[in-house]
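Visitor: quick one: sequence and predicted model below, then my questions.
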Amino acid sequence: MKPTIAPFPLARPRRSRRTEAIRSLVRENALSVNDLIWPVFVRDGEGIEEPVPSMPGVIRRSVDKIVEAAREAADLGIPVICLFPYTDPSLKTEDCAEAWSPDNLSNRATGAIKQAVPEIAVMTDVALDPYNINGHDGYVVDGEIVNDPSVEALVKMAVAQAEAGADIIGPSDMMDSRIGAMRQALEAAGHQHTLLLSYAAKYASAFYGPFRDAVGASGALKGDKKTYQIDPANSNEALRMIERDLNEGADMVMVKPGMPYLDICRRVKDTFGVPTYAYQVSGEYAMIQAAAQNGWIDGDKVMVESLMAFKRAGCDGILTYFAPAVAKAING
């Protein structure tokens, strides 16, 4: 039933906007620290904090510094930290074997965090691009990103991450059938409590550029990812991908990128009613930071406003590089 509004002057909508107390009373959505997942970049070495030039304020950290970041996140009330490795180019190969090594960067960082800061949840990324000499999320054979052999490798990667202590595994590869294969393998290996937060609607976007710099994948990438990531023009296809991954055993789903795809977030939440997340990706973050540094916008206010947009679109949480800053703002 469509709501009705009394005619003016019986209805004066500005009555509810007069003071902050009244605005707070009628506010429809709220952003809390519990909505935040903080993506961080881990690199080899010790005592290292290395700025990412294309992402002002974002740094690559060695494992010991990642543990310090996890402690900071937990102290701020951020519930989840998400790891992305900056892999030494010498470890990138055609077979991507480093991806499922128990001693790779991501797995070492996971173990260190779970030992030092057990109360925070650790999310990991499943895709071959940090370990692939070709820079792709799957194996490349004669110029084609092949699906089924890639899934076999991704399954080994997921199980290794669960063994290392990951609470949430985030398959970001967009290969067909990978969620079902991972779920079966995790169950068989005794990891029935490990969550799968599927990058179920991941678009072939130009907004990922700074991220690829941060993980060292830009120079390695040959070609593009349009044969496995979704065409930005498509909306119904995203819903089909969400439904497929839920049927295969995904616990939660993600839309990526974020703000340019808020319509997809809304459709996913309205259609399926499942835990729905969005990734405010590196290009979105970098644009806000660049404009703020030039004095063109109020960076703090735009940061909060951009994240509120995700809540308004139905998201249950957001992966954002702003997580510590917004947590401090929320906590006062």
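Guide: Sure thing, it's come through.
Visitor: distance between the ends of stretch 208-228?
Guide: By C-alpha to C-alpha, to the nearest Å, the extent of stretch 208-228 from end to end equals 15 Å.
Visitor: again with stretch 225-240
Guide: End residues of stretch 225-240 are separated by 19 Å (C-alpha to C-alpha).
Visitor: so for that stretch, mean pLDDT?
Guide: Computed over stretch 225-240, the mean pLDDT rounds to 97.
Visitor: same thing with stretch 147-160?
Guide: The average pLDDT for stretch 147-160 rounds to 98.
Visitor: what comes up buried for it?
Guide: Asn147, Ser150, Val151, Ala153, Leu154, Val155, Lys156, Met157, Ala158, Val159, Ala160 (16 or more other C-beta atoms under 10 Å). To be clear about C-beta, it is placed using only N, CA and C from the backbone, and glycine gets the same treatment.
Visitor: the residues you listed in helices, which ones?
Guide: The helices, defined by DSSP state H, take in Ser150, Val151, Ala153, Leu154, Val155, Lys156, Met157, Ala158, Val159, Ala160 from the buried residues of stretch 147-160.
Visitor: count the neighbours of Asp142 for me.
Guide: Residues contacting Asp142 under the criterion other C-beta atoms under 10 Å number 5.
Visitor: follow-up on the earlier one: need the ones in helices among the buried residues of stretch 147-160 in CSV (columns: distance to Gly283).
Guide: Formatted as CSV, these follow (distance: C-beta to C-beta, whole Å):
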residue, distance to Gly283
Ser150, 25
Val151, 28
Ala153, 28
Leu154, 25
Val155, 30
Lys156, 31
Met157, 26
Ala158, 27
Val159, 32
Ala160, 30
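Visitor: which stretches in the stretch 101-250 of the chain count as helices?
Guide: 105-116, 148-164, 178-188, 209-214, 236-248 (DSSP state H, counting those that start in this stretch).
Visitor: can you tell which of those helices is closest to Asn294?
Guide: helix 209-214 (16.6 Å; C-beta to C-beta).
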